[in-house]
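1. Provide a 3D model corresponding to the input given below.
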Amino acid sequence: MATERRISILLIYTGGTIGMVENPTTGALEPFDFAYLQDNVPELRRLGCDISSVAFTPPLDSSAIAPEDWTRLVDIIAEHYDRYDGFVILHGTDTMAYTASALSFALEGLAKPVVFTGSQLPVGKLRTDGKENLITAIEIAAARDEAGQPRVPEVSLFFENYLMRGNRTSKVSADQFSAFDSYNYPHLAYAGIEIRYHDAAIKRDALGQTLRPHRSFDPNVAVLKLFPGITREVVQSLLSLPSLKGVVLETFGSGNAPMLPWFLEALETAVARGVVIVNVTQCVTGYVDMMRYETGMLLQRMGLVSGRDSTTESALTKLMYLFGRGYSPQEVKQQMALPLRGEMTLEPTAEDFGRETYIYRR
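-> Predicted coordinates:
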């Protein structure tokens with residue numbers, strides 16, 4: 001009788017707290033190797049899957065992550081895509097939402113799980129959250145449905161009991177174990193005594209497709225967060241940068257901004273020279289509706305693009321991805337208004353935002 005093939009998972013360590021161990025002599029945190037991980041998390045041997053690992057050398061603090069590191073991750077996944085059934089990426093928490101968003105766009109046609117995770121305490125610490133996060137992330141990456149298809153064939157992020165779509169997450173706490181949340185989209189799974197998958201929220205439209213990796217990100221973008229009293233010099237100095245191609249404009253409420261003549265002129269001038277400006281809300285929940293108030297309608301007529309319920313991390317990396325593809329400003333504007341990887345909802349309704357049951361919400 002033929003034996004059933006074991007699921008294979010590739011563990012990719014980029015750096016971050018989860019992969020650190022305390023040097024007994026100096027007390028400094030240093031990166032571990034995979035042998036250390038196996039010794040400190042013996043439960044990995046009981047998961048019933050084959051686990052291999054690759055690591056960035058040297059490991060990166062997540063605050064130092066740059067677009068070229070996203071490209072390295074894309075290359076690693078593309079190179080090993082046919083050999084492994086799923087991928088788990090260990091990453092520092094500070095910029096994990098940016099990297100998860102970037103990879104969701106770069107891995108077009110992804111039909112296998114790519115699960116990001118990390119921790120607030122090193123995996124060797126007594127009270128670490130890293131052990132549970134790592135074990136559960138691997139279990140999710142290896143999970144299959146009754147038809148043998150992966151349960152979560154998209155870029156996701158697991159942290160403290162919850163699995164979230166990668167491009168819908170934001171880091172919400174610097175010192176709590178529940179460091180991430182997905183405010184505008186249901187959690188994909190809840191890991192309690194058992195892992196309960198929210199199948200209706202999981203993206204499966206790429207199953208059967210061929211992976212089409214994209215490796216270029218254009219960094220000539222910026223975030224402009226509005227605040228009461230923002231000056232003309234601040235706005236104009238940013239929007240007049242010669243290399244600037246795209247801006248994520250964090251506005252008030254449902255997409256409102258001050259109607260000061262100098263402010264509107266600065267926006268209009270930037271749009272006229274091809275800068276793509278995407279309007280996202282500073283609020284953690286809700287979405288931009290540029291047709292709700294006169295201020296929003298004016299911004300729309302000026303050529304700003306509504307980011308709907310996108311996170312800042314998602315909107316920014318999406319701009320970098322699209323300009324990296326070589327698209328013209330008009331093409332980028334068209335793509336920014338559409339959901340490419342489930343990163344935004346075109347017409348949010350009360351039903352859309354309430355469809356998750358209590359078990360999937362913190």
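
2. for the rest of this, base every contact and every neighbour count on C-alpha atoms.
-> Fine.

3. can you count the residues close to G307?
-> Burial of G307, expressed as a neighbour count using other Cα atoms under 10 Å, amounts to 31.

4. touching, it and Q282? I think so.
-> No - using Cα atoms under 8 Å, G307 makes no contact with Q282, being 11.5 Å away.

5. where does the prediction get shaky in the protein?
-> Low-confidence segments of the chain (pLDDT under 70): 1-4, 21-24, 27-42, 122-127, 129-130, 177, 348-362.

6. quick one: secondary structure of the closest residue in space to D289 that isn't next to it in sequence?
-> Sequence neighbours aside, S254 is the residue nearest to D289 in space, at 5.4 Å (criterion: Cα to Cα, 6 or more residues apart in numbering). At S254 the chain is in coil, as set by DSSP: H, G, I helix; E, B strand; the rest coil.

7. T285 is in contact with S254, correct?
-> No - look at S254 against T285 with Cα under 8 Å: they stay out of range, at 10.1 Å.

8. what does stretch 251-267 rub up against?
-> With Cα atoms under 8 Å, 6 or more residues apart in numbering as the test, stretch 251-267 has contacts from 225-226, 232, 235-236, 239, 279-283, 286-290, 292-293, 295-296, 302.

9. mark which of those are part of strands, please.
-> Secondary structure defined by DSSP state E assigns 225, 279-281 of the contacts of stretch 251-267 to strands.

10. can you give me the helices for the stretch 1-150 of the chain?
-> Listed from the start of the chain, the stretch 1-150 of the chain has helices (DSSP state H, counting those that start in this stretch) covering 34-40, 67-80, 96-106, 130-142.

11. wait, T95 sits on L60?
-> No - contact criterion Cα under 8 Å: T95 and L60 do not qualify, at 11.2 Å.

12. where along the stretch 201-350 of the chain do the strands fall?
-> For the stretch 201-350 of the chain, strands defined by DSSP state E, counting those that start in this stretch occupy the ranges 212-213, 221-225, 246-251, 276-281, 305-306.

13. any idea how far A141 is from L226?
-> 39 Å (Cα to Cα, to the nearest Å).

14. who's more crowded, these two?
-> Between A141 and L226, counting by other Cα under 10 Å, A141 is the more crowded of the two (27 against 17).

15. is it true that that one touches F87?
-> Yes - if you go by Cα under 8 Å, A141 and F87 touch, sitting 6.4 Å apart.

16. need the overlap of contacts for these two.
-> Joint contacts of A141 and F87 (Cα under 8 Å, 6+ apart) are 9, 113-115.
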